[in-house]
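K.L.:
Have a look; sequence and predicted model below, questions after that.
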Amino acid sequence: MVKCALFYKSPQNFLQKVLDISPECSNGAAVNQTPFGERIFARCLSAESIQVILELAREEELVLEAFVEGIPYAWESYLQNPEEYGCPSWSVPYVMRTRRPCKDMEEFLRIHAGELDSVDLICKSQEQRRRYQAILKERTEELYMTTSVPHLLELSAAGGGKGSGLAWLCGHLKISREQTAACGNGDNDADMLLYARIGGAVQNATEVCRQAADVLLPSNEEDGAAVFLERLIDENER
């Protein structure tokens with residue numbers, strides 16, 4: 001089994017042609033079974049942790065994103081000009097393509113309490129992100145915190161992470177970790193790479209991700225994930 005750190009819907013058609021894959025969503029908060037996206041596992045945020053997040057958001061006037069069943073929602077005002085809130089220009093097309101607008105995110109979180117895979121805090125700097133992480137760590141033990149890109153602090157339920165999601169999936173499929181491989185590029189992929197028998201990081205991955213990897217791959221611009229898959233398939237056919 002192979003896990004790739006890619007947006008859930010983007011690799012689905014390709015992966016179905018070569019492997020039987022059950023993609024993880026929202027940093028291991030859920031597992032969906034291909035080909036129809038049926039949810040077979042979910043670890044949602046608790047009401048207490050949502051309240052802690054909302055309190056910090058009010059204090060700091062933060063912009064939030066929220067994921068429900070793998071679908072991302074964001075403040076309508078944020079989507080009108082993401083760069084104004086800290087989103088880097090290279091990420092804007094992706095944000096605009098994937099996020100669904102929400103007029104009142106606080107009300108949205110309350111309505112969907114018990115269904116939230118994860119919540120992202122939009123940060124204007126890495127220093128700001130680290131400060132918010134420290135505050136949340138002091139206020140609750142019910143959050144798993146990580147980051148995939150510099151401007152996001154990504155929050156899911158305690159015990160979360162792609163590594164724990166992969167561990168759950170191994171148990172569900174009755175396979176050992178020795179039968180797994182993982183590929184990633186961000187800090188949020190590191191625990192998954194450490195769990196898998198072999199973990200690959202693309203050349204342009206973060207330092208945290210690279211340190212967790214067994215092999216370094218070409219960059220994503222050079223199809224590093226595809227190179228990884230080809231190597232594994234060739235190795236399996238020998």
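P.N.:
That came through fine.

K.L.:
Identify the bridge partners of residue 73.
P.N.:
residue 66, residue 100 (DSSP bridges).

K.L.:
now the chain, which segments are flagged as low pLDDT?
P.N.:
The chain contains residues with pLDDT under 70 at 1-24, 34-37, 238.

K.L.:
got the residue ranges for the strands in it?
P.N.:
Along the chain, counting by DSSP state E, strands occupy 2-4, 24-25, 30-33, 38-42, 63-68, 71-75, 100-102, 116-122, 143-146, 152-157, 181-184, 198-202, 215-217.

K.L.:
Tell me which of these lies nearest to residue 94.
P.N.:
Within the strands of the chain, the stretch nearest residue 94 is strand 71-75; the backing value is 10.4 Å (C-beta to C-beta). Using the backbone N, CA and C atoms, a C-beta is placed for each residue, glycine as well.

K.L.:
deepest of the strands of the chain, which one?
P.N.:
Highest mean neighbour count among those (mean count of other C-beta atoms under 10 Å): strand 181-184, with a mean of 28.

K.L.:
next one: phi and psi at the most centrally placed residue in the chain?
P.N.:
With distances taken as C-alpha atoms, centre = their mean, residue 27 lies nearest the centre of the chain, 3.4 Å away. With angles defined as degrees, to the nearest 10, residue 27 sits at phi 50, psi 50.

K.L.:
how much space between it and residue 108?
P.N.:
Distance from residue 27 to residue 108, counting by C-beta to C-beta, to the nearest Å: 20 Å.

K.L.:
Reformat the strands of the chain as JSON lines; add distance to residue 82.
P.N.:
Formatted as JSON lines, the strands of the chain follow (distance: least, C-beta to C-beta, whole Å):
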{"stretch": "strand 2-4", "distance to residue 82": "25"}
{"stretch": "strand 24-25", "distance to residue 82": "22"}
{"stretch": "strand 30-33", "distance to residue 82": "25"}
{"stretch": "strand 38-42", "distance to residue 82": "28"}
{"stretch": "strand 63-68", "distance to residue 82": "9"}
{"stretch": "strand 71-75", "distance to residue 82": "8"}
{"stretch": "strand 100-102", "distance to residue 82": "12"}
{"stretch": "strand 116-122", "distance to residue 82": "8"}
{"stretch": "strand 143-146", "distance to residue 82": "21"}
{"stretch": "strand 152-157", "distance to residue 82": "12"}
{"stretch": "strand 181-184", "distance to residue 82": "24"}
{"stretch": "strand 198-202", "distance to residue 82": "24"}
{"stretch": "strand 215-217", "distance to residue 82": "29"}
